[in-house]
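Engineer: Model the structure of this input:
(chains A, B, C and D)
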Protein chains: 2
Amino acid sequence: MTRPPTQDPRRTLTLRDVSEASGVSEMTVSRVLRNRGDVSEATRERVLEAARSLGYVPNKIAGALASQRVNLVGVIIPSLSNMVFPEVLTGISDVLEDTGLQPVVGVTNYQPEREETVLYEMLSWRPSGLIIAGLEHTDASRAMMMQAGIPIVEIMDIDGEPVDSAVGISHRRAGRQMAEAIIAAGYRRIAFLGTQMPNDHRARKRLEGFEAALAKAGLALADREFYSGGSALLKGREMTEAVLKRTPDVDFLYYSNDMIGAGGLLYCLDQGLDVPGRIGLAGFNGVELLDGLPRQLATMDACRLEIGRAAAGIIAGKRPGGVIGGEVIELTPKLQLGATIRAVTPEPGKAPAAP
Amino acid sequence: MTRPPTQDPRRTLTLRDVSEASGVSEMTVSRVLRNRGDVSEATRERVLEAARSLGYVPNKIAGALASQRVNLVGVIIPSLSNMVFPEVLTGISDVLEDTGLQPVVGVTNYQPEREETVLYEMLSWRPSGLIIAGLEHTDASRAMMMQAGIPIVEIMDIDGEPVDSAVGISHRRAGRQMAEAIIAAGYRRIAFLGTQMPNDHRARKRLEGFEAALAKAGLALADREFYSGGSALLKGREMTEAVLKRTPDVDFLYYSNDMIGAGGLLYCLDQGLDVPGRIGLAGFNGVELLDGLPRQLATMDACRLEIGRAAAGIIAGKRPGGVIGGEVIELTPKLQLGATIRAVTPEPGKAPAAP
DNA sequence: AGGCGGGCTGTTAGCGTTAACATAGCAGCC
DNA sequence: GGCTGCTATGTTAACGCTAACAGCCCGCCT
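Structural biologist: Reported below is the predicted structural model:
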């Protein structure tokens, strides 16, 4: 079946090689390989056989230049290491798979200048669409996106002004809702534990919403603790210990993500604390991981898969050239109370005593 | 600073636009933007200013076609969702960052046909190198890689015959070593818990090595349990429960990855089992996550970061065209006993009684 | 004076493919 | 018989950029 290649292996093959091997013009070969235009069954067979036996792989660079079409979609995200973006990617791939489009991923590590570089690099490959996390970008980045002439979808967040389209949730509202649930459950001495990341705007917005809701109830954060780097689970433990030492009377710990929340939960259980009686906990994201914890952590689903799907859908839906201007899709995360917020609502306005 | 673009926004800019705006030839613009060749400081300034104010982004497609050089390195991995490949990617990016090369990631979901498609797609962009997980590929995939005329590095595994270069660890040996450590610690009724993935060849090889070492000590697996899909932590719990119910006298659980191992550990602790006295546990990978667990799980570091670095180093080191033929780099994973294998070695050959 | 070399800029000819148009062959039909 | 209308194939000219080479200008050396 696989005959040894007659071809000199050092030179890479072109359409011409296939054309010579099959005795038709390059154009016909091109048509066969792209399934475009009418080609007789006999020639088609002959060309395919020639291409296969030579091991010809088309050169998309030349193809893209000639046709002014590129089947790539740029995806720019801040990180790959926290489970949330990989899931968004899965949503994106799911949808793009049937469209002939291919995602190309770039990672910024939460650095705006890095984002600018990655964006520049991506746009220089003239992708037919771009999906980028967040609404906060440098002026130069925004300018590039606006100039690019392709559909742009900013994802994860909708609290702000998108360049073109946007798909995401309102993190401010998510923070607010969580605060309301916590207050409703009767907790009053509430601490926040999060990442030290000036450029994680979504975490920042959640905290803002959270504090706003507290303020509305006449409360303020009892304590706050930040970390950066290291194993999130371990950091969750350490931060929790620190907060509990420093502010022994806290009765609720709100974590900026589930991973440190899980660490905190494990710590509290180790210490024999009554969760959620003596102390309540909540995280953010709804990562699958949580299902295996000794107790289900309260959290809020960030709709990651759905965001990826919707964003890809927008890109795939826009016919090339038909940039019609942005649409904004707001998804609503659902609160999962889990088993770390007590269900009973004590008489409102009256702070419950610790047991 | 940012003047409104005089340019009609529907047309995308070319070198010619910048050339006209700055009054020099396209070639000179090209030279300025690539920092190649001599250009007077005055012209350079003028060109850069023009490019900036127009918002020009070079077209790498045309550039790559003309120069026959592409600064992309294909990276093909089976999955993004289990923490291990993202870390490999980090290692790759770290090294490539300073070389002007850029990784482009493709994901196969452990499907050989998908790998073939992704590979074809990647090669059609004529990358200057390829990093691909595993040594097992379809015939067609191997043929494509051999034809491609670029450096290929197969990563993660070295138990097999690479197409070109390889960087990884011996999973067979890793399994063997773990088995030896377990036996040395006096455990005798040993079960295996892993993923049901016919195409995860590395997990398979670890198990083979593990069983070989058991056999050498006159032992066989007391039980085995497989899963697929779902939250790994939760699955770890469920599988552990199943094994303990079915084979109550097991005294060691060997997991194919740390995540399910962590689930198992949490389950055992929940059940009040004496770990590592009554029962020992071990996983594989050395994920950072483990640091936050109530007890440090025994595991074996898979050298993920290092593999990424070394693979990228090979690609970056090979001068274009100078495909000199493969080198194989074997890394040695180190066993981390953690706190879930007992340290004391009872009299060899004598199975210890459960407490 | 004439020639040489170095710094700077321009010209020409592709890179491998595809869009658009041209052509060949052939059947059908008045 | 010539015209129409189709199918199957070929030809030509880009696509936007860069390699390679060709100039030009000017200072400096012999």
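Engineer: what about residue A:27, how many residues close to it?
Structural biologist: Residues near residue A:27, counting by other C-beta atoms under 10 Å in any protein chain shown, number 11. Just so you know, the C-beta spots here come from the backbone N, C-alpha and C atoms, and that holds for glycine as well.
Engineer: Can you pull the phi and psi angles for the residue of the stretch 151-300 of chain A found nearest DNA strand C?
Structural biologist: The nearest approach of the stretch 151-300 of chain A to DNA strand C comes at residue A:151, 19.9 Å away (C-beta to the nearest atom of the strand). Backbone torsions of residue A:151, given as degrees, to the nearest 10, read phi -60, psi 130.
Engineer: Number of residues surrounding it?
Structural biologist: By other C-beta under 10 Å, 26 other residues sit near residue A:151.
Engineer: same deal with residue A:337?
Structural biologist: 18.
Engineer: Just list whatever residues bridge to the residue nearest to it when sequence neighbours are not counted.
Structural biologist: Computed as C-beta to C-beta, 6 or more residues apart in numbering or on different chains, the closest residue to residue A:337 that is not its neighbour in sequence is residue A:298, at 5.3 Å. Counting by DSSP bridges, residue A:298 is bridged to residue A:282.
Engineer: residues contacting residue A:298?
Structural biologist: The neighbours of residue A:298, taking C-beta atoms under 8 Å, 6 or more residues apart in numbering or on different chains as the test, are A:181, A:280-283, A:335-341.
Engineer: Which of those residues fall within helices?
Structural biologist: By the criterion of DSSP state H, membership of the contacts of residue A:298 in helices covers residue A:181.
Engineer: Write the PyMOL selection for whichever of the contacts of residue A:298 are buried.
Structural biologist: For the buried members of the contacts of residue A:298, the matching PyMOL selection, counting by 16 or more other C-beta atoms under 10 Å in any protein chain shown, is:
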select buried, chain A and resi 181+280+281+282+283+335+336+337+338+339+340+341
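Engineer: Tell me the one among the contacts of residue A:298 nearest to DNA strand D.
Structural biologist: Nearest to DNA strand D, judged by C-beta to the nearest atom of the strand, of these is residue A:283 at 47.0 Å.
Engineer: Look up how far residue A:173 lies from the closest residue to that closest one other than its chain neighbours.
Structural biologist: Of all residues not flanking residue A:283 in the chain, residue A:261 sits nearest, at 2.9 Å (C-beta to C-beta, 6+ apart). Going from residue A:261 to residue A:173 by C-beta to C-beta, to the nearest Å gives 20 Å.
Engineer: do residue A:299 as well
Structural biologist: If you measure residue A:299 against residue A:173 using C-beta to C-beta, the figure is 15 Å.
Engineer: quick one: the helices in the stretch 251-355 of chain A?
Structural biologist: Taking DSSP state H, counting those that start in this stretch, the helices of the stretch 251-355 of chain A run over residues A:258-270, A:304-317.
Engineer: Also the stretch 51-200 of chain A?
Structural biologist: So, for the stretch 51-200 of chain A - with DSSP H, counting those that start in this stretch - the helices run A:60-67, A:84-96, A:112-123, A:139-147, A:171-184.
Engineer: And those helices: which comes nearest DNA strand C?
Structural biologist: Closest among these, using C-beta to the nearest atom of the strand: helix A:60-67, at 2.8 Å.
Engineer: got a list of contacts for the closest one?
Structural biologist: Residues outside helix A:60-67 that contact it (C-beta under 8 Å, 6+ apart): A:70, A:126, B:61-62, B:64-65, B:70, B:124-126.
Engineer: out of the residues you listed, which touch DNA strand C?
Structural biologist: Counting by C-beta under 7 Å from any atom of the strand, B:62, B:65 from these sit close to DNA strand C.
Engineer: from the contacts of helix A:60-67, which would you call buried?
Structural biologist: Neighbour counting by 16+ other C-beta under 10 Å classes A:70, A:126, B:61-62, B:64-65, B:70, B:125-126 among those as buried.
Engineer: got TSV for the helices of the stretch 251-355 of chain A, with distance to residue B:96 and mean neighbour count too?
Structural biologist: As requested, those are exported to TSV (distance: least, C-beta to C-beta, whole Å; neighbours: other C-beta atoms under 10 Å in any protein chain shown):
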stretch	distance to residue B:96	mean neighbour count
helix A:258-270	28	26
helix A:304-317	26	23
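Engineer: Between those, which one is closest to residue B:235.
Structural biologist: Distance to residue B:235, taken as C-beta to C-beta, is lowest for helix A:258-270 among the helices of the stretch 251-355 of chain A, at 16.3 Å.
Engineer: Send me the closest one as CSV with only the CA atoms.
Structural biologist: Coordinates of the C-alpha atoms in helix A:258-270 are reproduced here as CSV (Å, rounded to 0.1, in the frame of the first residue of the first chain):
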residue,chain,number,x,y,z
ASP,A,258,-12.7,27.2,44.5
MET,A,259,-9.2,25.8,44.7
ILE,A,260,-8.1,27.9,47.7
GLY,A,261,-11.7,27.5,49.0
ALA,A,262,-11.1,23.7,49.0
GLY,A,263,-7.8,24.2,50.8
GLY,A,264,-9.6,26.3,53.4
LEU,A,265,-12.4,23.7,53.8
LEU,A,266,-9.9,20.9,54.4
TYR,A,267,-8.2,23.1,57.0
CYS,A,268,-11.4,23.9,58.8
LEU,A,269,-12.4,20.3,58.9
ASP,A,270,-8.9,19.3,60.1
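Engineer: Which elements pack onto that helix?
Structural biologist: Counting by 3 or more C-beta pairs under 8 Å, 6 or more residues apart in numbering or on different chains; DSSP states H and E, the packing neighbours recorded for helix A:258-270 are strand A:190-195, helix A:232-246, strand A:252-255, strand A:280-282.
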